[in-house]
Every structure is written in structure tokens, then in C-alpha cells.
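A.B. asks: Just to be clear, the model below is a prediction. Sequence and coordinates:
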Amino acid sequence: MKLHANASSKLNVFTGYGLDYVNVNLVRHQGSLVVTPEAVKPWRPAGFDDLQEQDFTALLELKPEVVLLGTGSQLRFPHPRLTQGLLHAHVGVDAMDLSALCRTFNILVGEDRRVVALVLFN
């Protein structure tokens with residue numbers, strides 16, 4: 001699915017997605033990713049079942065207000081112990097399917113929020 005980007009922004013936004021990819025600013029990415037308004041980089045877990053607590057606590061250095069966890073085509077919730085470090089730091093964590101992640105991230109970037117998107121495909 002294609003999403004429409006604001007051409008005047010230099011910040012990252014999702015411009016499309018599919019079963020095994022996302023487009024960020026029209027550039028196709030596959031595999032697990034961390035996406036911020038300023039950066040796109042690989043993320044360690046290969047999939048949802050590979051998530052570990054340190055995958056989330058490492059995000060604290062990014063100083064996010066909210067972390068969006070995209071769990072592929074199906075909504076899945078991580079065990080609360082995995083995200084407890086973020087929650088103790090008063091960082092909101094929201095799990096959603098990939099399509100909701102893309103839309104929500106774009107809205108939050110447009111509101112100038114410190115958002116981090118975590119992209120998983122399975």
C-alpha cells in the first residue's frame with residue numbers, strides 16, 4: 001500500500017508497505033528496523049519471537065516519548081517484562097500491526113513528536 005508523504009519535510013515518513021517491506025521516503029527497506037524521524041537503521045531481532053528486554057532498553061538513548069512496535073500483518077503484544085525499562089522511564093509503548101504503525105508514525109512525526117517505530121515482519 002502507498003502512503004502519501006509531505007514533500008516539504010526532510011523527516012522520515014513511511015511512504016508504503018507490504019508483507020515483507022516498508023518504504024521510508026520512497027526507499028524500500030526489508031528486515032527488522034528502527035525508524036526515527038531522522039534515521040533508519042537495522043534492528044537486532046529477526047522476528048517477534050526473538051524479542052529481548054535489551055532490544056527495548058537500548059532505545060532509551062534515543063530519548064523517545066513513544067515507541068510504536070509494528071508486529072507485521074497481525075497484532076501481537078510483547079510480554080510486559082520486555083518493555084518494563086521503557087515504561088519505568090515514562091516512555092509509552094504501543095503495539096500495532098504494520099499498517100497502523102505506518103499511519104500512526106506519520107501522524108506523530110507531523111506533530112513533531114519524539115517517536116520511534118520498530119518494524120517487524122513476523
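C.D. replies: Happy to help now that I have it.

A.B. asks: Which strands and helices lie in contact with the lengthiest helix in the chain?
C.D. replies: The longest helix of the chain (DSSP state H) is helix 98-110. Applying 3 or more CB pairs under 8 Å, 6 or more residues apart in numbering; DSSP states H and E, one finds that helix 98-110 contacts strand 14-18, strand 66-71, strand 115-120. In this view, the C-beta of every residue, glycine as well, is placed from N, C-alpha and C.

A.B. asks: between it and strand 115-120, how big is the angle?
C.D. replies: 160 degrees (axes from the mean of the first three to the mean of the last three CA atoms, to 10 degrees).

A.B. asks: ok, residues contacting helix 98-110?
C.D. replies: 1, 3, 5-6, 9, 11-14, 17, 22, 35, 37, 66, 68-73, 75, 94, 96, 115, 117, 119, 121 (CB atoms under 8 Å, 6 or more residues apart in numbering).

A.B. asks: Fine by me, thanks again.
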